[in-house]
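**Student:** Got a predicted structure plus its sequence, pasted below:
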2 protein chains.
Amino acid sequence: MIRLTYRIETPGSVEAMAKKIASDQSTGTFVALPGETEELKARVAARVAAIRPLPPGSHASFPDEAGGATRFNRADVDIDFPMDAVGTDLSALMTIAIGGVFSIKGLTGIRIVDMKLPQEFSAAHPGPQFGVAGSFALTGVKGRPIIGSIVKPALGLRPHETAEMVGELIEAGVDFIKDDEKLMSPAYSPLKDRVAAIMPKIRDREQKTGKKVMYAFGISHADPDEMMRNHDTVLEAGGNCAVVNIASVGFGGLAFLRKRSGLVLHAHRNGWDLLTRHAGLGFEFSVWQQFWRLLGVDQFQINGIRVKYWEPDESFVRSYKAVTTPLFSGGDVALPVVCSGQWGGQAPDTIAATGGSMDLLYLCGGGIVSHPGGPGAGVKAVRQAWEAASAGVPLGTYAKDHPELAQSLAKFADGKGA
Amino acid sequence: MIRLTYRIETPGSVEAMAKKIASDQSTGTFVALPGETEELKARVAARVAAIRPLPPGSHASFPDEAGGATRFNRADVDIDFPMDAVGTDLSALMTIAIGGVFSIKGLTGIRIVDMKLPQEFSAAHPGPQFGVAGSFALTGVKGRPIIGSIVKPALGLRPHETAEMVGELIEAGVDFIKDDEKLMSPAYSPLKDRVAAIMPKIRDREQKTGKKVMYAFGISHADPDEMMRNHDTVLEAGGNCAVVNIASVGFGGLAFLRKRSGLVLHAHRNGWDLLTRHAGLGFEFSVWQQFWRLLGVDQFQINGIRVKYWEPDESFVRSYKAVTTPLFSGGDVALPVVCSGQWGGQAPDTIAATGGSMDLLYLCGGGIVSHPGGPGAGVKAVRQAWEAASAGVPLGTYAKDHPELAQSLAKFADGKGA
């Protein structure tokens, strides 16, 4: 049995709407039909398991459908779907239990706030191939977050220009580098040329120091065959990671890739905000991320504390909790990628909000590259911030004998941000 | 050059927000970087081409971000992206020009209202394999809409039960039958068993009468390999059409399928409503459908007049215009599938609203199956309604010597619906 929890909003009866969802999404049709027997209904019908009323609202989440009403009844509704009606295919799950509910007349708002999947889904899907343990093993990092950076500007650098910046970041001592999610294989920087320019620097560094920087190349493509060719280009050059724009390639793209992948899959959720930013509509991330983790994401970008985007800190904290909570076992957890406007100064609040695990990838763009002492000092400052925060030492105190952190504090603290 | 038009809403300056979108989605980063030269910016930067102010709103489309403001400035903003920065890959287009904009802080609403793609996209994508002409050729219909029906209830019938209903619909003289979009391959009705039960009836009818009913089997699966196996099962049994839940399988699923497909691809847009139902957020269908048509959809479900869902008639009319307007040539048009609560009575208003083309698939569930005289009379009634409407004769007049239509009018007219 699959349980979905819908937060529904209607000027009418929440009970009637709950029943309508259960009916529409399973056996329901709009007129009584001769062959529709009780027996077949019982086999596949979804059932309303619980209705938990919420305080009513005064505005319609879909404003054009308020119809003059000024009070909108709200409730969290649990609906159970028999496995027989859905099965373990994720496109069936999305279509049957979720997709259709947004079209129902009479609802002025609906948000999917929880989804509990039975054990059958565990065996039916690959989940992450590398996950948290693999990400740490491949980067050789222990006892602290993996420190990553992003090549900026997002677009416009030719492969040799990108490789120069990558060279600086490697020298600076980062563990991880990624293409901006908007960089895939444009005319000015075809992926194969970018791989050819960057990978020698990573291999050289590995030979000299034994440390292999994980580089996530943007391999996304709407055509899974093309995406696989991109994957192979990276793998054959010795690369070990890829940025995948999961919402843009879709379930089909990720499922195809994961079955054949030799790379760590770093998920960027570009486009996701549309599905969650209105609190009365769409999805909680805790629901949406389950699909992608089952399909096989290893690392999941989830923003962080005090980001440059709209997302409030408490939403990040919920996302962090979601990706680090096992669906069925510890091995299906994705590595949280904490990012956006990060420079190390958010380390104490990140620890306070998440419980203090060091199992994360901490991604800084400008926070490393724009450090007054250069990227090398930027990496040191970020490490120092995490050392201080994990020891419970205030950053200002730690900065007294850690000049790189002191410079970061001077440049980025007090709301100036990275 | 690719042109996107964003309808933006902000308590601040629309000009500043327009520039921010252009910057964030191309070269933009959050701090000045040493290597960021004017030359590289010029090569790939997006540019604000026009700002057309709209009357301000009094509510924030993302209500939690109103921040105490009571006036929200609005404008339609054209932004041009160089082809060099994006290329023709649709996942790149979605990621670069669309995905990121929903995350921008300071916007209280944003909707993608138009997208104009250059000729390069035509050659780069397959488009429909069968389209309008192929759908009519395969069904043998001429001079009137293709009349289709849906097997109901949505879920719960075993293959032999489905086949019985299909047999009735075939006898009734429908041109097209489809699985409900929520029916794929559940335990009680595996696709292969359903195909095995249904296709003999279609082949028998074809042998006896020369008329082959087009049956759209639900082949969607998150895994493209599985979806292809489903496709092959249908094709090998002599089937010629498939329902694809495009939003659930994603770009990757559809792209993979289309390259290998021998079936007419009937797109169901389950889940789409979330992306369009709030008028201040998301996408216009005219934008979203371009992606799927380029990827290769042949038939596109777009609701109809007086549907059972939330969608108002004027939204359907815009969708109809969108799918029937060539992107680059007449061959890339998708067949509009007019559906939901249809029984024939909407034919006059459909003709009035769409210009009167007969190039459509008119899909009736209960409108045919629940006809008082049985499905055969239901099909006749629907054909009669279209005959009357296309001749400009009022349905009530035509019904005087067309008893099946008279029965439909008695049962479904006057707001009772199908």
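**Tutor:** Sure thing, it's come through.

**Student:** Number of residues surrounding the closest residue to residue A:191 other than its chain neighbours?
**Tutor:** Nearest residue to residue A:191, sequence neighbours excluded (Cβ to Cβ, 6 or more residues apart in numbering or on different chains): residue A:185, at 4.1 Å. Any C-beta I mention is one placed from the backbone N, CA and C, and that applies to glycine too. Residue A:185 sits with 22 neighbouring residues when counted by other Cβ atoms under 10 Å in any protein chain shown.

**Student:** Quick check: residue A:185 touching residue A:221?
**Tutor:** Yes - counting by Cβ atoms under 8 Å, residue A:185 touches residue A:221, with 7.5 Å between them.

**Student:** shared neighbours of these two, anything?
**Tutor:** Taking Cβ atoms under 8 Å, 6 or more residues apart in numbering or on different chains as the criterion, residue A:185 and residue A:221 both touch A:230, B:89, B:92.

**Student:** Spatially nearest residue to the last one, not counting backbone neighbours?
**Tutor:** Spelled out, that is residue B:92. Leaving aside its chain neighbours, residue B:92 sits nearest to residue A:184 (5.0 Å; criterion: Cβ to Cβ, 6+ apart).

**Student:** where in the stretch 101-250 of chain A is pLDDT low?
**Tutor:** Counting by pLDDT under 70, the stretch 101-250 of chain A has no low-confidence residues at all.

**Student:** Where does it get nearest to chain B, residue-wise?
**Tutor:** Residue nearest to chain B within the stretch 101-250 of chain A: residue A:250 (1.1 Å; Cβ to the nearest Cβ).

**Student:** Mind telling me what element that residue is part of?
**Tutor:** Assigned by DSSP states H and E, residue A:250 belongs to helix A:246-260.

**Student:** Could you identify the helix or strand that succeeds that helix?
**Tutor:** Note on helix A:246-260: by DSSP H and E, the next helix or strand toward the C-terminus is strand A:264-268.

**Student:** partners of that next one, with directions?
**Tutor:** Looking at strand A:264-268 with DSSP bridges, its partner strands are strand A:241-245 (parallel), strand A:299-301 (parallel).

**Student:** between those, which one is nearest to residue B:272?
**Tutor:** The closest of those to residue B:272 is strand A:241-245. By Cβ to Cβ, the value is 19.6 Å.

**Student:** where's residue A:196 relative to residue B:388, distance?
**Tutor:** Using Cβ to Cβ, to the nearest Å, residue A:196 is found at 67 Å from residue B:388.

**Student:** Equivalent analysis for residue A:294, please.
**Tutor:** Counting by Cβ to Cβ, the separation of residue A:294 from residue B:388 is 52 Å.

**Student:** Give me every residue in the stretch 101-250 of chain A lying close to chain B.
**Tutor:** A:102-105, A:107, A:152-158, A:161, A:164-165, A:181-182, A:184-188, A:220-227, A:245, A:247-250 (Cβ under 8 Å from any Cβ of the partner chain).

**Student:** and if we set it to 6 Å?
**Tutor:** Residues of the stretch 101-250 of chain A lying close to chain B (Cβ under 6 Å from any Cβ of the partner chain) are A:102-103, A:105, A:152-153, A:155-156, A:182, A:184, A:186-188, A:220-224, A:245, A:248-250.

**Student:** Residues in contact with stretch A:104-121: which ones?
**Tutor:** With Cβ atoms under 6 Å, 6 or more residues apart in numbering or on different chains as the test, stretch A:104-121 has contacts from A:2-10, A:12, A:60-62, A:65, A:72, A:88, A:98, A:101, A:280-284, A:287, B:309-310.

**Student:** Restrict those residues to the buried ones and give me that as a ChimeraX selection.
**Tutor:** Buried residues among these (16 or more other Cβ atoms under 10 Å in any protein chain shown), as a ChimeraX selection:
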select /A:2,3,4,5,6,7,8,9,10,60,61,62,65,72,88,98,101,280,281,282,283,284,287 /B:309,310
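
**Student:** Now, the contacts of stretch A:104-121 that are in strands?
**Tutor:** A:2-10, A:72, A:282-283 (DSSP state E).

**Student:** tell me which of those is nearest to chain B?
**Tutor:** residue A:282 (5.9 Å).

**Student:** Count the neighbours of the closest residue in space to that closest one that isn't next to it in sequence for me.
**Tutor:** Among residues not flanking residue A:282 along the chain, residue A:275 sits closest, at 4.4 Å (Cβ to Cβ, 6+ apart). Residue A:275 has 22 neighbours, counted by other Cβ under 10 Å.

**Student:** Show me what the strand or helix carrying residue A:275 packs onto, helices and strands only.
**Tutor:** Residue A:275 belongs to helix A:273-276 when assigned by DSSP H and E. Counting contacts by 3 or more Cβ pairs under 6 Å, 6 or more residues apart in numbering or on different chains; DSSP states H and E, helix A:273-276 is packed against strand A:282-283.

**Student:** tell me what the strand it packs on is packed against?
**Tutor:** Counting by 3+ Cβ pairs under 6 Å, 6+ apart, strand A:282-283 packs on helix A:273-276.

**Student:** can you list the strands paired with strand A:264-268 in TSV and add distance to residue B:77 and mean neighbour count?
**Tutor:** TSV is the format used below for these (distance: least, Cβ to Cβ, whole Å; neighbours: other Cβ atoms under 10 Å in any protein chain shown):
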stretch	distance to residue B:77	mean neighbour count
strand A:241-245	23	27
strand A:299-301	27	29
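
**Student:** could you redo the ones you listed as a markdown table and give each row distance to residue B:127?
**Tutor:** Output for the strands paired with strand A:264-268, formatted as a markdown table (distance: least, Cβ to Cβ, whole Å):
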| stretch | distance to residue B:127 |
| --- | --- |
| strand A:241-245 | 23 |
| strand A:299-301 | 33 |
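
**Student:** Using the record's assignment, carve chain A into domains.
**Tutor:** Listed by automatic domain parsing, the domain ranges of chain A are A:2-124, A:131-412.

**Student:** So which of those is the most surrounded?
**Tutor:** The highest average neighbour count among those, using mean count of other Cβ atoms under 10 Å in any protein chain shown, belongs to domain A:131-412 at a mean of 22.
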